[in-house]
Structures are given as C-alpha cells and as structure tokens.
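Engineer: return atomic coordinates for the entry below.
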Amino acid sequence: MAITSIGYGGPVNEAQVPTWARALGGLDYAVMDAAAWKVTAVGAAARTVQVAAGRGVGRGIYDVSDEPVQVVLPNPASGQLWHLVVARRDTTAPGGTTTFTYADGAADPWAALALRHTFETTAGITDDQPLALVRVQKDTAAIVQVQPMRCWQANGGTVGESDYVRGYLEREGTQMWVGRDLWVRGVTAAGAAEWVRTLLQRPVNLLAAGSAIAGGALPAGVPVMVQAGTHVGTTDANGFAILNLPTPFPNGLLTAVLSSGDGQATGSTVFQVSQTSGTGSNRTRVVYAAYSPPNNRRPNILHRVNWVAFGW
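Structural biologist: Numbers count the residues shown, from 1 in each chain. Now for the predicted structure:
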C-alpha cells in the first residue's frame with residue numbers, strides 16, 4: 001500500500017499545482033469579469049473568432065491576456081461543424097504556457113464538448129478551459145453561430161453563461177446558476193453523479209395555454225411564468241388602482257386574476273383587470289378597477305386583493 005500526498009514538506013511544481021488547487025476546493029475554471037475572454041466572430045476574416053483580453057483561471061493557474069487574440073477555424077470537409085474554442089494550459093515543460101486555440105469539431109455541439117474528455121483534459125500535462133462553441137460551414141467565410149459557455153466563480157457560487165457549461169463543470173457538489181435555474185451536481189443513492197435542477201425562479205408550463213389566455217397568443221416555444229401574492233391599495237377617483245408586480249415579466253403580461261382578499265364582505269366587490277392601451281397592464285404592472293353590483297365602479301375604496309399573474 002502506498003499513499004502519495006502533495007502539501008506536506010517540499011516544493012509543489014507546475015505539474016502538481018492544478019491537482020493540488022482542485023483538491024483544496026479551488027476553481028476548476030472561471031473568467032474574472034463579464035468582458036474577460038469573451039468570444040466573438042470576426043466579420044472581416046474567414047472562419048475567425050476573437051477572444052477578448054482579460055483574466056481567467058483554471059486548475060490553479062491564473063492567466064492575464066493583455067490584448068485580443070484571433071483564432072482561425074478550419075474549413076469543414078462537408079456540412080457544418082462545431083468547434084470548442086479554449087484556453088489551453090500546457091505544463092509538460094518547466095514553467096508552462098497558456099494559449100487560445102480550438103479543439104476538433106463535431107456535427108453536434110454536445111458531441112463537440114464531449115470530445116474534450118478524450119484529450120487535453122489532464123491537469124499537469126495539458127488542460128483545456130472551454131470558452132465557446134463555434135459553428136462553421138464548409139466554404140462559408142462567416143461564422144454561423146457562437147454559443148458562449150464561460151463561467152464565473154466566487155465566494156462559493158458559480159454562474160454559467162449557458163446550459164453547455166454543465167458539460168465541463170462536472171464535479172460532485174457543484175452549484176451553478178444558468179439563466180433562471182439553479183443546478184446542483186448531486187449523487188444518487190446508487191453512487192452515480194447527476195445534475196438536479198431546482199424549482200427556484202423556474203417558469204411554469206401551462207398545458208394548452210397558447211391563445212386561450214387573455215392578452216394574446218403565447219409565442220411558440222416560450223414557457224408561461226406565474227407569480228402571485230396579496231396587494232392592499234386604494235382606488236382612485238375613477239375606481240382604478242395599480243398593482244406593481246414584485247418581479248417584472250421578461251417579455252410581457254398575458255393576464256391576471258384578482259379576487260377580494262378582505263376579511264369581511266365589502267359590498268360584493270368585483271375586481272376587473274383593465275387591458276386599455278395607454279393606462280393598461282404591461283409586464284411590470286396590472287391596472288384594475290373595483291366594481292360593485294349592478295355595475296358600479298367604486299372610487300376611493302381601501303381594499304385588499306389576492307392575485308395571480310401569468311406572463312412570459
């Protein structure tokens with residue numbers, strides 16, 4: 001039996017730093033701010049992208065790039081290919097070097113990311129930090145698509161630029177925000193690693209919503225979002241009031257449902273949502289009116305409403 005350790009006596013060399021930093025809970029990969037190492041297409045050059053200047057870290061190695069670097073991608077033999085643009089750290093020679101380059105391509109973006117597992121992922125030899133997936137087409141100079149996939153890590157938290165970041169931050173215990181979802185890399189009862197998406201800030205899908213919801217048809221492929229609460233207010237001289245939504249919907253309000261929240265009867269008050277242009281509801285607020293039978297608007301009335309708002 002033998003146990004090999006790093007961190008007791010003696011030096012720690014460049015081949016050991018990546019492994020040691022990871023064992024201490026250090027960052028796998030990150031860029032240090034929103035602009036650092038951002039990958040964009042270069043319109044004036046064939047199949048070329050540019051990696052912005054900035055600072056990044058990977059497996060214990062900290063890098064500062066003081067100027068943009070261009071990476072030229074090969075012309076596919078046929079069809080389209082996705083290439084992974086990376087910061088490659090080579091510690092095979094004393095001192096080590098970091099360069100911006102690309103990995104071999106695949107027809108599918110997830111497949112291109114999976115290729116990384118077959119090469120260039122050995123800390124202490126060569127290791128790739130993914131920055132973006134870039135799609136190119138045979139004999140076409142312009143870049144077809146740039147799919148960003150940087151991440152930011154600090155104070156125990158991680159933010160991913162896209163869902164593809166889950167393809168390379170795979171250590172058990174990783175917690176990462178992607179869009180409106182919080183993902184946790186957990187372990188099943190059988191000991192297998194898996195990604196689990198929490199329900200925090202997630203949109204709610206309503207079956208057969210579409211054009212059946214007042215306020216207009218929902219665009220194809222866009223999930224419905226729901227929020228609810230209780231609101232206390234006073235109608236104005238014309239019987240109207242405004243409910244400011246706690247969280248503005250990203251795109252717009254579809255409809256809202258309001259009911260009386262008062263503890264005792266208030267003359268059978270009915271609340272109707274106004275969709276009138278100019279003073280009507282939008283993604284940040286709901287305009288409504290208070291009525292009592294037979295159809296009398298109620299001005300200057302203190303009231304409480306329970307509400308549910310549907311947006312997208």
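
Engineer: endpoints of stretch 148-165, how far apart?
Structural biologist: In stretch 148-165, first residue to last residue: 9 Å (CA to CA, to the nearest Å).

Engineer: show me which residues of that stretch are buried.
Structural biologist: Neighbour-count burial for stretch 148-165, counted by 16 or more other CB atoms under 10 Å, picks out 148-153, 158-162, 164-165. In this view, the C-beta of every residue, glycine as well, is placed from N, C-alpha and C.

Engineer: swap in stretch 305-312?
Structural biologist: Val305, Trp307, Ala309, Phe310, Gly311, Trp312.

Engineer: kindly reformat these as CSV containing pLDDT, distance to Thr98 and secondary structure.
Structural biologist: Formatted as CSV, the buried residues of stretch 305-312 follow (pLDDT from 0 to 100; distance: CB to CB, whole Å; DSSP: H, G, I helix; E, B strand; the rest coil):
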residue, pLDDT, distance to Thr98, secondary structure
Val305, 87, 58, strand
Trp307, 89, 54, strand
Ala309, 87, 49, strand
Phe310, 83, 49, strand
Gly311, 82, 45, strand
Trp312, 77, 43, coil
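
Engineer: one step back: nearest to Ile242 among the buried residues of stretch 148-165?
Structural biologist: Nearest to Ile242 among these is Val159, at 33.7 Å by CB to CB.

Engineer: who touches that closest one in this structure?
Structural biologist: Neighbour list for Val159: Cys151, Trp152, Gln153, Met176, Trp177, Val178 [criterion: CB atoms under 8 Å, 6 or more residues apart in numbering].

Engineer: what helix or strand is it located in?
Structural biologist: According to DSSP states H and E, Val159 maps onto strand 157-160.

Engineer: after the helix or strand harbouring Val136, next one along is what?
Structural biologist: For Val136, the host element (DSSP H and E) is strand 126-137. Remark: after strand 126-137, the chain's next helix or strand is strand 145-148, criterion DSSP H and E.
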